[in-house]
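*Asks:* Output the structure for:
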Amino acid sequence: MSGVRRVLRRVALATAVVLVPAARGETGTAAASRKRPNVLFIATDDLNVQLGCYGDKLAQTPNLDRLAARSVRFERAYCQFPLCSPSRVSLLTGLRPDATRVFDLKTDFRSTIPEVVTLPQLFRQAGYRVERVGKIYHYGVPGQIGTNGLDDPKSWDHVVNPRGRDKDDEKLVRNVTKGHGLGSSLSWLEADGADEEQTDGIGATEAIKLLEANRDRPFFLAVGFYRPHCPYVAPKKYFERHDLARFTIPPVGDDLADVPPIAPWTRPPHYGLKEPELREAKRAYYAAVSFMDAQVGRLLEALERLKLADDTIVVFWSDNGYLLGQHGQWKKQSLFEESARVPLLIAAPGAAANGRATGRTVELLDVYPTLADLCGLTAPASLAGKSLRPLLADPAAAWGRAAYTQTTRARGGGPAGQRPIVGRSVRTERWRYTEWDEGRAGAELYDHDADPQERTNLAGHAAHAGAVAELRALLRRIAAGPATRPG
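*Replies:* Numbering: from 1, shown residues only. Here you go, the predicted structure:
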């Protein structure tokens with residue numbers, strides 16, 4: 001395609017997709033008969049903002065960096081629950097965890113909100129070909145790789161559950177966190193063989209086949225990669241690209257002295273491990289990130305080869321953030337910034353803000369209404385998020401919304417079945433405020449303008465009483481708001 005024709009085509013797409021989506025509210029065959037943008041919906045597992053495009057100088061993510069160069073990059077995007085299943089269910093239903101009542105890795109949301117219309121289900125109803133490869137709803141990793149996990153049959157026309165040699169090689173994994181199973185460990189493997197032998201490599205191959213099969217009809221293709229979820233498994237070449245000497249571990253010092261005792265998840269700090277093992281684990285995590293990035297690159301190359309890039313909205317997201325030693329913490333399930341913040345890239349063809357970043361505070365909940373909006377579908381009225389369309393046009397557009405993340409802790413010493421303690425956190429562009437058990441178990445306040453690493457808890461400082469009162473009101477408003485349910 002010539003340069004002029006390509007520009008004209010992008011102008012046309014900007015009008016049809018970003019500015020005035022066509023045929024809003026059409027369903028079924030009526031919608032299918034009208035050409036709408038495709039959606040390539042890419043999820044990754046346990047990825048904090050460890051990407052070069054977000055400024056991490058150790059990260060080697062050339063493919064995601066290239067995607068960011070043609071996307072809107074959300075610098076302040078947050079999950080609603082820093083744990084796989086509650087987060088994914090929240091995004092895919094468009095409802096907050098208090099509405100889905102999914103707070104663990106076992107509850108099937110169809111048992112709590114059986115009539116909900118999920119994001120992919122909405123696209124099915126609109127006549128799209130809707131398919132899944134890999135982990136979109138929750139799968140226990142690595143135990144449930146190759147199975148259906150907690151999948152939702154109503155969401156898909158077709159599914160693929162890849163299973164690679166990483167499952168067969170689990171006995172070779174080095175686990176330095178004794179007493180922790182592989183799914184909650186610091187563990188890794190410098191794998192033999194090629195990318196295409198690993199579960200995520202097989203997933204990319206199968207997803208490319210589906211792109212090829214669906215090039216002539218509207219599709220919603222969800223591709224979920226398992227890495228960098230532990231164990232951190234990647235072919236050896238990805239380890240070799242990362243110099244162990246460059247990785248450091250943040251000291252704990254008195255960092256936890258001013259936070260509520262309930263706030264830390266990793267006990268003791270750093271699992272009690274020594275720095276050499278921690279540095280190896282961190283390097284392995286980055287290797288797994290680079291391996292995942294390479295598989296994303298294969299998908300993006302296929303989009304270009306099949307001449308689908310100009311007609312396809314690409315969304316890349318992670319279900320939760322991930323701590324790599326900050327505050328002596330590892331993994332997720334805390335309410336520190338690194339656990340709640342996630343990467344989010346949206347490349348909508350023709351969007352005016354593509355290639356730019358926005359510092360507005362957004363939530364993964366906003367993805368559902370955004371995709372419905374861009375594709376001209378009528379979303380359920382119960383959705384808790386808001387379309388990000390204004391920020392796709394202007395990253396500095398007025399927004400005025402905060403982000404809310406929650407998690408739970410078991411009550412120590414109480415009777416079996418007692419309700420857990422809930423921690424709730426609100427994030428604005430400047431502040432993070434967190435309450436544990438509605439403040440009875442403590443509170444945290446961090447000023448991100450002055451303290452982006454959240455080292456100093458200001459919640460008890462008289463000088464910040466006004467900020468605490470304002471943020472507490474925001475937090476209580478969402479906690480006490482309508483338990484938005486369908487129907």
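*Asks:* what's S290 in contact with, if anything?
*Replies:* By CB atoms under 8 Å, 6 or more residues apart in numbering, the residues touching S290 are 59-61, 234, 238, 241-242. In this view, the C-beta of every residue, glycine as well, is placed from N, C-alpha and C.
*Asks:* Including secondary structure, could those residues go into JSON lines?
*Replies:* As requested, these are exported to JSON lines (DSSP: H, G, I helix; E, B strand; the rest coil):
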{"residue": "A59", "secondary structure": "coil"}
{"residue": "Q60", "secondary structure": "coil"}
{"residue": "T61", "secondary structure": "coil"}
{"residue": "A234", "secondary structure": "strand"}
{"residue": "Y238", "secondary structure": "helix"}
{"residue": "R241", "secondary structure": "coil"}
{"residue": "H242", "secondary structure": "coil"}
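*Asks:* Which of the residues you listed has the largest number of neighbours?
*Replies:* In terms of neighbours by other CB atoms under 10 Å, those top out with A234 at 29 neighbours.
*Asks:* what's the helix or strand for the nearest residue to that residue once chain neighbours are set aside?
*Replies:* Spatial nearest neighbour of A234, excluding adjacent residues (CB to CB, 6 or more residues apart in numbering): F291 at 3.7 Å. Here F291 sits within helix 275-305, counting by DSSP states H and E.
*Asks:* same question for that helix, mean pLDDT?
*Replies:* Helix 275-305 comes out with an average pLDDT of 98.
*Asks:* Quick check: what element follows that helix along the chain?
*Replies:* Counting by DSSP H and E, what follows helix 275-305 is strand 312-318.
*Asks:* tilt between that next one and helix 275-305?
*Replies:* Between strand 312-318 and helix 275-305, the angle comes out at 170 degrees (axes from the mean of the first three to the mean of the last three CA atoms, to 10 degrees).
*Asks:* coming back round to it: of the contacts of S290, which is the nearest to G321?
*Replies:* Distance to G321, by CB to CB, is smallest for A59 among the contacts of S290, at 14.2 Å.
*Asks:* Let me know whether that closest one touches Y285 as I believe.
*Replies:* No - the criterion here is CB atoms under 8 Å, and A59 misses it with Y285 at 10.3 Å.
*Asks:* Spit out the residues that contact these two alike.
*Replies:* Counting by CB under 8 Å, 6+ apart, the residues touching both A59 and Y285 are Q50.
*Asks:* related to what we said a few turns ago, need the contacts of S290 in CSV (columns: pLDDT and distance to N48).
*Replies:* Below are these laid out as CSV (pLDDT from 0 to 100; distance: CB to CB, whole Å):
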residue, pLDDT, distance to N48
A59, 97, 10
Q60, 97, 15
T61, 98, 12
A234, 98, 17
Y238, 98, 18
R241, 97, 19
H242, 98, 16
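*Asks:* Name the nearest of the residues you listed relative to R424.
*Replies:* Closest approach to R424 among the contacts of S290 (CB to CB): A59, at 30.4 Å.
*Asks:* Distance of the nearest residue to Y285 once chain neighbours are set aside relative to V173?
*Replies:* The shortest distance from Y285 to any residue other than its chain neighbours is 5.1 Å, reached at Y232 (CB to CB, 6+ apart). Taking CB to CB, to the nearest Å as the measure, Y232 and V173 are separated by 9 Å.
*Asks:* With neighbour numbers in mind, choose between these two.
*Replies:* The neighbour comparison of Y232 against V173 (other CB under 10 Å) goes to Y232, with 29 against 18.
*Asks:* quick one: the more buried one and M292 touch, right?
*Replies:* No - the criterion here is CB under 8 Å, and Y232 misses it with M292 at 10.5 Å.
*Asks:* tell me the contacts of the residue nearest to A234?
*Replies:* Per CB under 8 Å, 6+ apart, neighbours of F291: 195, 198, 200, 227-228, 234-235, 238.
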